[in-house]
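Colleague: fold the following for me, if possible:
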Amino acid sequence: MADGVMLLVGTTKGAFVLRADAGRREVTIEGPHFPGEEVYSLALDRRDGRDRLLAGRLSMHFGPGIGWSDDGGVTWTDPPEAAIAFPADTGASLARVWQIQPGGDDQPGVVYAGVEPAALFRSADGGETFTLVRGLWDHPHRAQWEPGGGGLCLHTILLDGADPAAMWVAISSGGLYRTADGGETWEARNQGIRTPFLPEGEDLPEFGQCVHKVDRHPARPERLFLQHHWGTYRSDDRGDTWVSIGESMPADAPPVGSVPRPFGFPVVVHPHDPDTVYVIPLGSDMQRWTVDGACRVYRSRDAGGTWEALTEGLPQEHAYLTVLRDAFVADPLEPAGLWFGTRTGEVFASADEGDSWRCVARHLPPVTCVRAYTA
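Modeller: You can find the predicted model right below:
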């Protein structure tokens, strides 16, 4: 049995490490690491006999990059030259590292990074150096991808698990893409995802959807859940087709006009049950805060057929909170714990799969990402 949870928290002014016992009763905070820098991506790589922390950082003086630590964050290594950069012939410049994803257990040195402008990089040496995945960069759709509100970013990398050559990436606003050959070729996987701002008959494009986040259960790789700018979706065929599951959301998570509810950023699948999924709706794409100033996490135990609002311990008055796409996560313990950070610097935790919550950190800088691991 694990002794507890280690939480990696990225913010707009540095990174923090939160440690909790197995009951998530006692929580300590370490940091900040990289004070004053934006940290939008964090990961822990425990393969190949090491515990390597990886951080995607943005310094106002030195620009974006990836650093790593092999001693739990006591010391960090910054490569003498940029570990991750676009080749000169692309004419592109790295703006931010949005996602860091270690490869599968059968690829111990492989680490992937999703960046802005939207591109995928691959490392073969544990994240010390990266090369551009040309198959995606040279995709004919790329010239038509448009930036979302946060920029033109590749923010999600999902490994297939059952097939080491397969993975998905999500791009705002390009949509979801899948490779089955290790990144050599990519196909759009957005069938059924509506873009209501387009005229009827044109609102189901092949690509261009503003996907906010995608998640899946590792034991059931064919099922994916997707939070879109205009609704929540499920796929049961590895993303080949999608069905809307937002219409069954309760009325206190309203649609944007006639758009299927809800608007929001994160989607989280339960670590032990592929039928259980969580979202945090926001009022609208213009407000971008919790509906009616009440913080509610919504849980479905039947893959989106029905939803319930989880509110115990969460503020229900004057709580105009925003939770970003990577700031909500489940830990791997049993029962599963849930953690989310807000743009107003709080971190909330649940030790009982969302039935009750408590605030475990306050007054942090705006939280950009949260990652959970066994301690």
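Colleague: surely residue 364 meets residue 345?
Modeller: Yes. Residue 364 is within contact range of residue 345, at 4.0 Å (criterion: Cβ atoms under 8 Å). (Each C-beta comes from the backbone N, C-alpha and C, glycine too.)
Colleague: what's the overlap in contacts for these two?
Modeller: Common neighbours of residue 364 and residue 345, using Cβ atoms under 8 Å, 6 or more residues apart in numbering, are residue 11.
Colleague: ok, residue 334 - contacts?
Modeller: residue 272.
Colleague: tell me the secondary structure for it?
Modeller: Here residue 334 is recorded as coil under DSSP: H, G, I helix; E, B strand; the rest coil.
Colleague: tell me how far it lies from residue 78.
Modeller: Residue 334 sits 38 Å away from residue 78, taking Cβ to Cβ, to the nearest Å as the criterion.
Colleague: how about residue 41?
Modeller: 16 Å.
Colleague: neighbour-wise, which of these two wins?
Modeller: Set side by side, residue 41 and residue 78 show more neighbours around residue 41, with 26 against 15, by other Cβ atoms under 10 Å.
Colleague: from residue 243, how far off is that one?
Modeller: For residue 41, the distance to residue 243 - Cβ to Cβ - is 30 Å.
Colleague: and the next helix or strand past the host helix or strand of residue 68?
Modeller: Take DSSP states H and E as the rule and residue 68 turns out to sit in strand 63-69. Downstream of strand 63-69, the next assigned helix or strand under DSSP H and E is strand 96-102.
Colleague: nearest spatial neighbour of the most centrally placed residue in the chain, chain-adjacent residues omitted?
Modeller: Centroid-nearest residue in the chain, with Cα atoms, centre = their mean: residue 326, separated by 3.5 Å. Leaving aside its chain neighbours, residue 326 sits nearest to residue 369 (4.0 Å; criterion: Cβ to Cβ, 6 or more residues apart in numbering).
Colleague: surely that neighbour and residue 7 touch.
Modeller: No. Counting by Cβ under 8 Å, residue 7 is not a contact partner of residue 369; they are 10.6 Å apart.
Colleague: domain boundaries for this protein, per the record?
Modeller: Domain assignment for the chain by automatic domain parsing gives 1-36+223-229+263-375, 40-209.
Colleague: turn these into TSV, including distance to residue 239 and mean pLDDT.
Modeller: Shown next, in TSV, are these (distance: least, Cβ to Cβ, whole Å; pLDDT from 0 to 100):
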stretch	distance to residue 239	mean pLDDT
domain 1-36+223-229+263-375	6	95
domain 40-209	4	94
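Colleague: right, so those domains: which one is the most enclosed?
Modeller: domain 1-36+223-229+263-375 (a mean of 20; mean count of other Cβ atoms under 10 Å).
Colleague: tell me the gap between that domain and the middle of its chain.
Modeller: Between the centre of domain 1-36+223-229+263-375 and the centre of its chain there are 11 Å (Cα atoms, centre = their mean, to the nearest Å).
Colleague: next: stretch 188-199.
Modeller: 21 Å.
Colleague: what about that stretch, how long is it end to end?
Modeller: Start and end residues of stretch 188-199 are separated by 21 Å (Cα to Cα, to the nearest Å).
Colleague: with stretch 326-338 instead?
Modeller: Taking Cα to Cα, the first and last residues of stretch 326-338 lie 13 Å apart.
Colleague: repeat that for stretch 55-69.
Modeller: Note: stretch 55-69 ends 9 Å apart using Cα to Cα.
Colleague: same check, this time on stretch 285-303
Modeller: For stretch 285-303, the first and last residues are 24 Å from each other (Cα to Cα).
Colleague: who touches residue 18 in this structure?
Modeller: Taking Cβ under 8 Å, 6+ apart as the test, what residue 18 contacts is 5-7, 9, 27-30, 347, 360-361.
Colleague: ditto for residue 328
Modeller: Neighbouring residues of residue 328 by Cβ under 8 Å, 6+ apart: 266, 268, 278, 280, 338-341, 370.
Colleague: 7 Å - rerun?
Modeller: Residue 328 makes contacts with 266, 268, 280, 340, 370, as judged by Cβ atoms under 7 Å, 6 or more residues apart in numbering.
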